[in-house]
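1. quick one: sequence plus predicted model below, questions after.
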Amino acid sequence: MADVTDVIYLDNNATTRVAPEVVEAMLPAFGPLYGNASSMHTFGGQMGHYIATAREQVAGILGADPEEIIFTSCGSESDNAAWYSATETQPEKRHVITTKVEHSAVLAYGHYLEDKGYEVTWLGVDDKGQISLEELERAIRPDTALVSMMYANNETGTIFPIAKVAEIVKSHGVQLHVDAVQAVGKEVIDLSRLPIDYLALSGHKLHAPKGIGALYVRRGTRFRPYVKGGHQERGRRAGTENVPYIIGLGKACELAASNMEKERTQVAALRDRLQEGLLAAIPHCKINGDQAHRLPNTLNISFEAVEGEALLLQLDQYGICASSGSACTSGSLEPSHVLRAMGVPFNYAHGSVRFSLSRYNTGAEIERVIEVMPTIVSELRKISPFAAFLKK
Amino acid sequence: MWEYTETVRDHFLHPRNAGVLEDANVIGEAGSLACGDALKLMLKVNEQGIIEDAKFQTFGCASAIASSSALTELIKGKHMDEAAKLTNKEIAEYLGGLPKEKMHCSVMGEEALEDAVRHWKGLPSKAHAEEGRLVCKCFGVTDLQIIKVAKENNLTTVEEVTDFIKAGGACGSCKDDIQSILDKLHSMEKPLQEIRPVPRMTNVQRMQKVMTIINEDIAPRLALDGGSIELVDVDGTTVVVALRGACSGCSASQLTLKNLVEKTLREQVDSAINVVEA
C-alpha cells in the first residue's frame, strides 16, 4: 500500500494529515488518561480540565468565547445541528435561504425541510462561483428562519463575502449559519466582529483526526440540541465526550492559529506556482473559481477534452493524490453540482482536477506535478475523440 | 476509489489500438460529451466483411478507456456479422469484471459497435432511426434501449438499469417510468394466462381489439428482438400483418407469425382468427 513516504498529497480539502504535535497531545488520553469527565472521582474529573483547554483553543482561533463552542462528531453533524436548532426554535418561520453550491450536509438538510413543507430558496452563483448580495437581500422574508452559507467552497476554494452577508442578514434580524469547514485554519475568522449565529468546523480539515468537529453558537442564541440525552456540553450535545479527539482538535486549532499568516503566504505561493506552471505548460485549461477571493491552498483546474477520473488515475501512478469534479469519480453520473451551478461547460466540467495543498507540501512536490501533468494530459488527449476540436 | 481489476488497470494504462485509424472505412460512435463519456470506433473492414484493423478514441474514465481497448481486441480479425453478436457482458468479462456502477462503460462499447455495424450495412445511426420512446431525458435513453440492456443482463431494479445505461442517474424523474418498463418486461416473462372465453363481437370491435393487442402486447415483445409488426388489414377473421425490422427475412418469422401473433390473437380476441403475412 502507498503510504506517506511515497505520495505527493494534494487532496487536503478532502482530508489532512494529522499533525505530529496533535498525535502527541492525544496519546495520553488513549493510555493512562481514560477517565470520564462526568465522573465524581478525581481520576475521571481531571479530564474536564483537558476538555476546557481544548475548548479555549478552538474558541481562540475563532475569536469566540469558550462557552460558545460545542464539540460534535464532524462537520456534517455541526451543520445539521445548526439547521435543526434554527428551525426548531422558530417553528412559525417556514422559509430558509441557502446556496446551490453547499456541502451535501447542508443540501440534504434543505431537501429534507422541503419534504416537510418548508420553502427553501437556493441561491445560484455566477461563473466564478460567487453569490449576488442583492439576490440574497431580495430573498429574505419575514418568515425566513435561517440563512445558511459556506465560508469557502470545498471544490473551487471560492470565498463568499461573509462579512457583507452577515451585515445584510442581521439587518433583517434573521439567523445566519456559516459552514466554515474549509475556511477554519486557512482564513482569519473573528467572530467577535462578525455577527454570525452558528458556525461549523471539522477537525480533519485542519490536521486533527477524522471524527471530531465543533459548532459555534453565539451567546444568547436559543438552542435546541440535535443529539438528545445526557448533560454533556451543557446539555447542548449529548454523548460522552470524545476526550482524545477533543484534545486533538484543540491542539490543531492552536497550531493553525499560531502559524496562520506564515502558512497562508507559504501555501499560497506553492499553489500559485502550481497554477502558473500548469497554465504555462498545458494548453486549453481553465481555472475554476474566483481567483481574487480564493482559499490560499486550493487550485481547481479543468483540462478540456479529457476526463477527470482518467487524469486522477494517471496521477496516481506517480503517487500524486488529487480529486476531481467529474461524474465518473462519484458514481453519480453527473459532474459536480458546484461546477454545474457555475455554468462550467461540460467539456471542462468533466475534466476538472482539484489540487488542495497544506503546510506539509514542498516546492519539489509542486515541481514534480508540473513536470508530469503535461504528458498525462497530452496522452489522454491523443485518445480523446474531442481533442481534434481543440486545435480550432 | 473504484475497485478495478488488474486487467482494467492494464488496458487503461496501456490501451490497445488507441488513436486514429487513418484508413478506416467504417465508424461507430456512442456516448456524448455532456454525458461524460464518448467513444469513436474506427474500423477497416475488407470486402469479405472481415475487420482487418480497429482503433478507438475515447473520452471517459479508466473503465471507459479499458472497455474501448477490450472492444477493439475482441473484434479484430472477426467478420462483421460475428462481431455484431458481441455484448457488453463479454467486454466486461474480458476485463475480469467492472464495478457495477461502471457497467455502462461496457454498454457504450457495445453501442459503438452496433452503430458501426449499422453503418456497414448502410443504415443510418440509431439516434436517427430509433423508434423507441424517450424515457431518460438527461442521458437520452429510450424504452427500447432499457428493454434491451435489461434483457441481456437480466436487470431487475432501477438502480441496476442506471448502472448499466445511466437512465435515471441524473435528475431521477424517470425512475418510476423505468420501474414500470421493468415490471412490464418481467410480467411478460411469466406464462401466458389461461384462455378465457371471449364474447362475440362486431367486425369493427374485432378490428380495434386486434389493433390494440398488436400495438400494446405483440409489438413490444417483437421489439425485444429488434423486430416490429404492422397491422395491414382485418378481413373477417383473417388478420393481415407485415413483419418488419429484424423479423423481415428472419427464418423464424413464420414461427413468430403462428406461435406468437396468431396464438395471442386467438387467445385474446377470437379463436377463429387466422394470421397471414402481407
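-> Yes, it's here. Residues are numbered from 1 along each chain as shown, chains lettered A, B, ... in the order given.

2. going forward, measure contacts between C-alpha atoms and count neighbours the same way
-> OK.

3. what residues does chain B have near chain A?
-> B:1, B:13, B:18-20, B:33-40, B:56-62, B:101-102, B:166, B:169-170 (Cα under 8 Å from any Cα of the partner chain).

4. number of nearby residues for A:T16?
-> Burial of A:T16, expressed as a neighbour count using other Cα atoms under 10 Å in any protein chain shown, amounts to 23.

5. check which helix or strand covers it.
-> Counting by DSSP states H and E, A:T16 is held by no secondary-structure element, helix or strand.

6. those helices in the stretch 251-392 of chain A, which residues are they?
-> Chain-ordered helices for the stretch 251-392 of chain A, with DSSP state H, counting those that start in this stretch as the definition, fall at A:308-317, A:327-330, A:337-341, A:346-349, A:363-382.

7. deepest of those, which one?
-> Of all these, helix A:346-349 has the most neighbours on average by mean count of other Cα atoms under 10 Å in any protein chain shown, namely a mean of 24.

8. could you say what helices and strands it packs with?
-> Contact partners of helix A:346-349 among helices and strands, from 3 or more Cα pairs under 8 Å, 6 or more residues apart in numbering or on different chains; DSSP states H and E: strand A:298-303.

9. which residues are in contact with the strand it packs on?
-> When contacts are taken as Cα atoms under 8 Å, 6 or more residues apart in numbering or on different chains, the neighbours of strand A:298-303 outside the stretch itself are A:13, A:155-157, A:271, A:275, A:284-289, A:348-357, A:377.

10. show me chain B divided up by domain.
-> Per automatic domain parsing, the structural domains of chain B span B:6-127, B:130-189, B:203-277.

11. from what I see, A:V338 and A:H103 are in contact.
-> No. The pair A:V338 and A:H103 fails to qualify as a contact (Cα atoms under 8 Å) at a distance of 9.3 Å.

12. A:T121 belongs to a helix, doesn't it?
-> No. Residue state for A:T121 (DSSP: H, G, I helix; E, B strand; the rest coil) corresponds to strand; a helix is not indicated.

13. give the contact list for it.
-> Contact partners of A:T121, counting by Cα under 8 Å, 6+ apart, are A:95-99, A:139.

14. out of these, which is most surrounded?
-> Per-residue neighbour counts (other Cα under 10 Å) across these peak at A:V96, which has 27 neighbours.

15. pull the CA atoms of the host helix or strand of that residue into CSV?
-> Using DSSP H and E, A:V96 sits within strand A:95-99. Provided in CSV are the C-alpha atoms of strand A:95-99 (Å, rounded to 0.1, in the frame of the first residue of the first chain):
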residue,chain,number,x,y,z
HIS,A,95,-38.5,29.6,4.9
VAL,A,96,-34.7,29.0,4.7
ILE,A,97,-32.2,30.5,2.3
THR,A,98,-29.0,28.7,1.2
THR,A,99,-26.9,28.3,-2.0
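
16. I'd like the average pLDDT over it.
-> Per-region confidence: strand A:95-99 scores 98 on mean pLDDT.

17. and what of stretch B:146-161?
-> Computed over stretch B:146-161, the mean pLDDT rounds to 89.

18. need phi/psi at B:Y94.
-> With angles defined as degrees, to the nearest 10, B:Y94 sits at phi -60, psi -30.

19. that one contacts B:S69, correct?
-> No. Under the criterion of Cα under 8 Å, B:Y94 makes no contact with B:S69, lying 10.4 Å away.

20. who's more crowded, the two?
-> Neighbour totals were compared for B:Y94 and B:S69, and B:S69 leads with 27 against 17 (other Cα under 10 Å).

21. A:L390 versus that one, what's the distance?
-> From B:S69 over to A:L390 the distance is 23 Å, taken as Cα to Cα, to the nearest Å.

22. do the same with A:F43
-> In this structure, A:F43 lies at 69 Å from A:L390, with Cα to Cα as the measure.

23. which residue lies nearest the spatial centre of the chain?
-> With no chain named, the answer covers chain A. Residue closest to the average C-alpha location in chain A (Cα atoms, centre = their mean): A:Q182, at 2.6 Å.

24. oops, chain B please
-> In chain B, the residue lying closest to the centroid (Cα atoms, centre = their mean) is B:K148, at 3.9 Å.

25. report the mean per-residue pLDDT for stretch A:185-200.
-> Confidence over stretch A:185-200, taken as the mean pLDDT, stands at 97.

26. what of stretch B:45-54?
-> Computed over stretch B:45-54, the mean pLDDT rounds to 96.

27. next, the buried residues of stretch B:268-278.
-> Of all the residues in stretch B:268-278, those buried under the rule 16 or more other Cα atoms under 10 Å in any protein chain shown are B:268-271, B:273-276.

28. low-confidence regions, the stretch 151-278 of chain B specifically.
-> Across the stretch 151-278 of chain B, the ranges flagged by pLDDT under 70 are B:188-201, B:246-252.
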